[in-house]
Each structure stands twice: as structure tokens, then as C-alpha cells.
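**Student:** take this sequence and fold it.
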Amino acid sequence: MIEFINNMDTLRNELYNNSRDIIKLLEERREIAGKIGECKVAGGLKIRNREREIEILKSLSYDHFTEFVLNLLFEFSINYEVLNRNSADSVKYSRILNGVKYIEYRSERDNLIFLLSRILNPGTVVLCDYHEISKILISAGHHIANAIEKPDLVIYMDGRENQEIIIKDGSMLISENFLASKANIYTVEIQ
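**Tutor:** Predicted coordinates for the structure are as follows:
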């Protein structure tokens, strides 16, 4: 029994040291990815380059685990850059529509949905028929439902005004009303 406990302690220490090294490398990767993001913005390029991602997947992934990890790295790098770029302006309300103050975020739709997933409360239940949106939300820890009797919030993907959250053509507006009441929002329907 003592040998088993000693082995467990040794393995846990190895795992801890390995995790510490991975985090250090991830921080370095984040800095490099941020510099690449700055170059893309300066050059007027899209942040996401799926062709490059596929090249990397082909050259570095040799099993499903590695492919999964690489895809996570791509998503987090891209979305960290989007969040980081938007966070400098996020304190001020940048749009007023019909007397309602909104914060505006501009990016590609998938990045906006990822940002929305971070703004919603953790574990929010979401009714969503859009498969690509459901994948992003579920990977962020939300629960996808088949039905919600009466959702706390409905988000329309057609840019409909007079809503708490407006998503249309590469921009997302989030109202100050939503931010003030988001602690009470745990069921969301996306149409």
C-alpha cells in the first residue's frame, strides 16, 4: 500500500510539473499568436485562416487526441485575440439605438458567438437549431436543450432591433439592460 501511495505521489508530481511546463508554453504561444493577430489586423486580413489550420493539423496531428488539442488551441488563440482586442473598448457604450445603450463587438460570426458564450452565465441552457452555433456554445460549457417553455432571453440572428442582444453582419450589440440583468438569465433561445 505504501508503495502504491509513493507511486501516486511521484506520478502526481510529474503531472504537476508537466502541466506547469505546458502552461508556460501556452503563454508563449499566446504572445506569438497575438503578434500574428496584430499583423493580420494591420494587413486587413481575416483573423481565421482555416487553410493554415488544416496544414498544421496535417503535419502535427497523428491521432484524435492531438487533433482535438490542436483545434482547441486554434479556437482559444483566435477568440482570445478577439476578446483582447474588444476588451479595450468594452467599458464604454459605443452605440445608442432607440435610446438603448449598447456595447458593440465586431468580428466574424463564430468569434461573436464564442464571445456571447463567455458573456452568458456558466451552464446556461440554450435552445438553438443552428448546429454550428450549438457546437460553439456546448464547447463553452452551456447545455443545448430540445425545448424551453419560457426562456429568460430570446436572441434573433437576423439583426432584429429593440433586443437585448443584436447579432447581424459581423457585429454584436449587447445592451446595458442585459448586462445589468444577466445574473438572472439562465435559459436562452436563439432563433
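
**Student:** helices of this protein, start to end?
**Tutor:** Secondary structure of the chain, counting by DSSP state H: helices at 2-42, 50-60, 64-87, 109-119, 131-139, 176-181.

**Student:** hey, which of the ones you listed is tucked in deepest?
**Tutor:** Between the helices of the chain, the one whose residues have the most neighbours on average, counting mean count of other Cβ atoms under 10 Å, is helix 109-119 (a mean of 20). For the C-beta atoms, the positions are set from N, CA and C on the backbone; glycine is no exception.

**Student:** which secondary structure elements does that helix contact?
**Tutor:** Under the contact criterion of 3 or more Cβ pairs under 8 Å, 6 or more residues apart in numbering; DSSP states H and E, helix 109-119 touches helix 64-87, helix 131-139, strand 165-168, strand 171-175.

**Student:** how about the ones you listed in a markdown table, adding mean pLDDT and distance to D9?
**Tutor:** Rendered in a markdown table, the data for the helices and strands packed on helix 109-119 read as follows (pLDDT from 0 to 100; distance: least, Cβ to Cβ, whole Å):
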| stretch | mean pLDDT | distance to D9 |
| --- | --- | --- |
| helix 64-87 | 73 | 26 |
| helix 131-139 | 87 | 34 |
| strand 165-168 | 90 | 49 |
| strand 171-175 | 88 | 47 |
